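1. I'd like to go over a predicted model; first the sequence, then the structure.
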Amino acid sequence: MTTTTPGDTVRWEDLLPREFEQRLAQLPLVYLPMGLCEPHGHVAAFGLDTHKAVYLCEESARRFGGIVAPTQTYQIHETGYHRPWLKEVMGDVNPRMGSLPPDVVLRLLVYQLRAFVNAGFRAVVVLTGHNANQPDLRLAVEEFRRARDIPITAVSDPELVMGQFEGDHAGRYEVSQLMYVRPELVDLGRLDDRNTTPLGRFAQGDDAHLATASEGRAIIEASLDAIKAIVDEGRPLPEADAAFMSFEEAEEVWQRVAARSDEWCTLRE
């Protein structure tokens, strides 16, 4: 049986009330890990995006303080620029993907932010392991902050290490991360399955064979350094206050986000 001490527990859903209040008093900051189940070649698990985001958020909470919100495991795909990319890397193969339309995800984000403020959090880090949708996440954040001006950062993991490592999809960068955080979910012995199964490439990166756990560790540590800088810059005061937000006010925020749909990158091809 696995046991943890109260100090090890950072997930909102795992905390008892007393421990939640203690962590909240120490640092009223919440991390929201966002991921997606989508093809990552034959060598890596579908949930690669989710696993790296969860690891970074939980490790950040342990090192720097704060609480990790329940993971958002569905993300935007199959619309806008995603559509031709998916055709290129998948062909006509079923991708077995957990995607949602952009309006569903962005409206959900507005209401997640509402829940955070109402629970007592005064700073938010939204970390998406599924890259390229973050401009739309930041648009929703921008409109939310017009209603509650608290520090909120929405960032993808490749942005955390820009200039140090180059992000990719199911290649050296991503597979290395998974080899470090969840090694049991990677099997480089399946690299050649892309040539021998009906699934074909299945979105596998051409340089996946170069992935190593040691490089994954370097990427993760550099990412954590960047998150620490975000936490330090947006560190809220424990006594900071923000008014309770009703469903009606959150809906007004969402309507402003929806009115800017011509700016959504996830609708542009």
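-> Here it is on my side, so go on. The structure displayed is predicted, hence computed values, not measured ones.
2. switch to C-alpha atoms for all contacts and neighbour counts from now on
-> OK.
3. Next, residue 267: phi, psi?
-> phi -110, psi -10 (degrees, to the nearest 10).
4. How about residue 154?
-> According to degrees, to the nearest 10, residue 154 has phi -120, psi 120.
5. pLDDT wise, what is it at?
-> Note for residue 154: predicted pLDDT of 98.
6. Check the one 5 residues further on too.
-> We have a pLDDT of 98 for residue 159.
7. what comes into contact with the helix or strand containing it?
-> Under DSSP states H and E, the secondary-structure element containing residue 159 is helix 157-160. For helix 157-160, the external contacting residues (Cα atoms under 8 Å, 6 or more residues apart in numbering) are 53, 127-129, 131, 165-167, 222-223, 226-227.
8. switch to 7 Å and redo it
-> Residues outside helix 157-160 that contact it (Cα atoms under 7 Å, 6 or more residues apart in numbering) are 127-129, 167, 223, 226.
9. For these, could you give me TSV that also reports secondary structure?
-> Compiled in TSV, the contacts of helix 157-160 are given as follows (DSSP: H, G, I helix; E, B strand; the rest coil):
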residue	secondary structure
127	strand
128	strand
129	coil
167	coil
223	helix
226	helix
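10. Check those for burial and list the buried ones.
-> Among the contacts of helix 157-160, those scoring as buried are 127-129, 167, 223, 226 (criterion: 16 or more other Cα atoms under 10 Å).
11. Quick check: residue 128 touching residue 156?
-> Yes. With contact defined as Cα atoms under 7 Å, residue 128 counts as touching residue 156 (4.7 Å).
12. Confirm residue 32 sits in a strand?
-> Yes. When three-state DSSP is applied, residue 32 is found to be in a strand.
13. Name whatever forms a beta bridge with it.
-> residue 126 (DSSP bridges).
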